[in-house]
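Novice: quick one: sequence and predicted model below, then my questions.
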Amino acid sequence: MIAIENARIRRALKIIIPFAAIPFTVLLGGTVFSARSYAFVSLAVAALSVALFISGFEKKQTGARRLVIVTVLIALACAGRFIPLIKPVASIVIISGIYLGGEAGFLTGAFSALISDFYFGQGPWTPFQMLAWGLVGLFAGLSSGVLKKSRAALLVYGALAGAAYSAIMDVWTVLWYNGAFDIKLYIAALGTAAPYTVSYAASNVIFLWVLARPFGQKLERMHIKYGI
């Protein structure tokens with residue numbers, strides 16, 4: 001009975017944390033708290049991301065092994081932000097979600113934004129980046145069955161992920177500029193950001209084409225060898 005109840009709690013957390021708790025925290029930080037409170041909001045999102053990852057633990061030992069691999073992928077994603085023009089961050093997040101699970105994908109995305117922004121600049125935009133890249137990894141995990149089998153589907157997902165990231169960040173743009181959400185300003189922001197959106201989508205397609213297969217093969221071997 002205890003095992004069944006724990007499984008139910010984990011399933012509930014997998015829904016509540018990424019689709020309610022974290023978005024609510026991010027929006028609260030962008031609308032209610034002052035701009036100087038972004039560090040506390042980022043910390044809260046980071047804590048919730050860890051809680052989501054832990055909720056995916058089926059076995060303690062397996063979870064610890066997944067964490068080691070996720071840490072390596074986060075480091076690679078952070079290093080990838082130093083590449084000029086096109087960046088592999090979202091692609092690495094997508095790969096982590098596909099092969100390690102949606103919870104791992106969310107953690108990789110959220111912490112890649114948080115840690116790399118210590119160099120590129122922390123600010124009220126950081127929680128939105130954490131949410132955007134986190135959701136990209138989460139949905140990659142939820143769609144892993146299709147994305148593993150079809151390279152075309154994977155590349156389409158990469159392009160859509162780039163557009164989704166830009167759309168979420170444009171929410172922050174409107175809140176920063178207007179102090180409240182305005183649909184007209186949001187549409188204008190989407191249009192203004194179109195060149196960046198195209199570059200995000202193109203970067204994801206390019207890096208997924210190059211990285212998905214070799215990274216996937218390595219992670220699949222780890223899955224077979226260690227049961228991750």
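Specialist: That came through, no problem. Note that the coordinates shown come from a computational prediction; the quantities given were computed from them, not determined experimentally. Numbers count the residues shown, from 1 in each chain.
Novice: do you know how far the spatially most central residue of the chain is from residue 113?
Specialist: Here the mean C-alpha position of the chain is nearest to the C-alpha of residue 134 (C-alpha atoms, centre = their mean), at a distance of 1.9 Å. Residue 134 is 8 Å from residue 113, where distance means C-beta to C-beta, to the nearest Å. All C-beta atoms are positioned from the backbone trio N, CA, C, and that covers glycine.
Novice: can you check residue 83 too?
Specialist: 16 Å.
Novice: the more surrounded of the two?
Specialist: Higher neighbour count among residue 83 and residue 113: residue 113, with 30 against 12, using other C-beta atoms under 10 Å.
Novice: quick one: pLDDT of the residue nearest to the centre of the chain?
Specialist: For residue 134, the pLDDT comes out at 98.
Novice: so for the helix or strand containing residue 222, mean pLDDT?
Specialist: Using DSSP states H and E, the element containing residue 222 is helix 194-226. Here helix 194-226 scores 92 as its mean pLDDT.
Novice: sorry, back to before: and the residue nearest to the centre of the chain, what does it touch?
Specialist: Listed by C-beta atoms under 8 Å, 6 or more residues apart in numbering, the contact partners of residue 134 are 18, 22, 49, 105, 106, 107, 109, 110.
Novice: for the nearest residue to the third one once chain neighbours are set aside, what are its contacts?
Specialist: To tie it back to what came earlier, the one meant is residue 49. If the residues on either side of it in the chain are set aside, residue 49 comes closest to residue 110, at 4.1 Å by C-beta to C-beta, 6 or more residues apart in numbering. Counting by C-beta under 8 Å, 6+ apart, residue 110 touches 45, 46, 49, 130, 131, 133, 134.
Novice: and those residues, which of them are buried?
Specialist: The neighbour count (16 or more other C-beta atoms under 10 Å) marks 45, 46, 49, 130, 131, 133, 134 as buried among the contacts of residue 110.
Novice: so residue 87 makes contact with residue 78?
Specialist: No. Counting by C-beta atoms under 8 Å, residue 78 is not a contact partner of residue 87; they are 10.5 Å apart.
Novice: nearest residue to residue 161 in space, please, no chain neighbours.
Specialist: In space, residue 161 is closest to residue 136, 4.5 Å off (C-beta to C-beta, 6+ apart).
Novice: tell me the SS of the one you found?
Specialist: Here residue 136 is recorded as helix under DSSP: H, G, I helix; E, B strand; the rest coil.
Novice: same deal with residue 123?
Specialist: Assigned with three-state DSSP, residue 123 falls in the coil class.
Novice: what about residue 214, how many neighbours?
Specialist: Using other C-beta under 10 Å, residue 214 has 10 other residues around it.
Novice: which residues sit in contact with it?
Specialist: By C-beta under 8 Å, 6+ apart, residue 214 lies in contact with nothing.
Novice: if I look at it, how far off is residue 221?
Specialist: In this view, residue 214 and residue 221 are 11 Å apart by C-beta to C-beta.
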